[in-house]
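> what would the 3D arrangement of this be:
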Amino acid sequence: MPDFSCADCGDGFSLPQHVLDRYPGWTPNKCRSCRDAKKTSATGSRPRKPAEIVDDPQEGVFTDGSSVPNPGPGGWAAVRVVDGVEVDSLSGSHPDTTNNRMELEALIHAVDLVPEGESATIYSDSNLAVQTINEWAAGWKRRGWKRKSGPVENLDLVKVAFEKYQERPELELVWIRAHVGFTWNERADELANMARETGR
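A predicted model of the protein is given here:
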């Protein structure tokens, strides 16, 4: 895969050739972590807390996942919405899992709901999962998938999720607050709970 240098952080990064082939003449100049980071503050440092969504989004892919109890039976869901209308969804379950694993599963499958090359925002109410993919995974990969403080939890799913989003630079992953009345976040929660309860 071709190697590039990030104009912001200076780190090297790669994109698969099939991604570059979809955008002839495009030379990427930022790694995914820097591209997806929110605007820098006046001091040039990245804010640690993501900007909060205050309006009820009516476009994008909304995800959720949980287990009850944690760990225990779990479910995940991803819902694609266009102009305020649900156009597609995916969901699944696992008999023995954790909240974090189900959140990552939902984000992995969310990518499959958006045709390649089409821009979209993917919303997750798991700030941990969003930060894992947007901020931390690139560094873990450079260190051989290791954290400075120890092993990466749920590494199997983290690897898959990170690579899927790396291959889809047209997708933006954003955190959204849970259980505050956002229509499609609540719908994803409903489908994830249904999958968990039915085992499908």
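> for the biggest strand by length in the chain, the averaged confidence score.
Counting by DSSP state E, the longest strand found in the chain is strand 85-97. Throughout strand 85-97, pLDDT has a mean value of 97.
> from the contact counts, what lies against that strand?
With contacts taken as 3 or more Cβ pairs under 8 Å, 6 or more residues apart in numbering; DSSP states H and E, strand 85-97 sits against strand 72-82, helix 99-110, helix 183-198. No exception for glycine: its C-beta is placed from N, CA and C like everyone else's.
> next SSE after the least confident helix or strand in the chain by mean pLDDT?
For the chain, using mean pLDDT, DSSP states H and E, the weakest element among its helices and strands is helix 32-36, scoring a mean of 63. Sequence-wise, the next helix or strand downstream of helix 32-36 (DSSP states H and E) is strand 60-67.
> quick one: that next one to strand 85-97, angle?
20 degrees (axes from the mean of the first three to the mean of the last three Cα atoms, to 10 degrees).
> tell me which strands strand 60-67 pairs with, and in which orientation.
strand 72-82 (antiparallel), strand 120-124 (parallel) (DSSP bridges).
> circling back to that earlier point, ranking the helices and strands packed on strand 85-97 by burial, who's on top?
Mean neighbour count (mean count of other Cβ atoms under 10 Å) peaks for helix 99-110 among the helices and strands packed on strand 85-97, with a mean of 26.
> by contact count, what packs against that helix?
Checking 3+ Cβ pairs under 8 Å, 6+ apart, helix 99-110 ends up next to strand 60-67, strand 72-82, strand 85-97, strand 120-124, helix 127-131, helix 155-166, helix 183-198.
> how close does Pro16 sit to Pro28?
12 Å (Cβ to Cβ, to the nearest Å).
> what do you get for Pro151?
For Pro151, the distance to Pro28 (Cβ to Cβ) stands at 30 Å.
> higher neighbour count, these two?
Pro28 (19 against 9; other Cβ atoms under 10 Å).
> check contacts around the nearest residue to Thr183 once chain neighbours are set aside.
Excluding its sequence neighbours, the residue lying closest to Thr183 (Cβ to Cβ, 6 or more residues apart in numbering) is Asp56, at 5.6 Å. Going by Cβ atoms under 8 Å, 6 or more residues apart in numbering, Asp56 touches Gly181, Phe182, Thr183.
> got a pLDDT number for the last one?
Pointing back at Thr183 there. pLDDT, Thr183: 96.
> quick check: beta-bridge partners of the closest residue to Leu113 other than its chain neighbours?
With sequence-adjacent residues excluded and distances taken as Cβ to Cβ, 6+ apart, Leu113 is closest to Arg80, at 4.2 Å. Beta-bridge pairing for Arg80 (DSSP bridges): Val61, Asp88.
> run through this protein and note the low-pLDDT ranges.
1-2, 5-13, 22-23, 30-52 (pLDDT under 70).
> got the contact list for stretch 185-192?
62-66, 75-79, 86, 89, 91, 102, 106, 123, 125, 176, 178-179.
> mind running it again at 7 Å?
For stretch 185-192, contacts defined as Cβ atoms under 7 Å, 6 or more residues apart in numbering pick out 62-66, 75-79, 86, 89, 91, 102, 123, 125, 176, 178.
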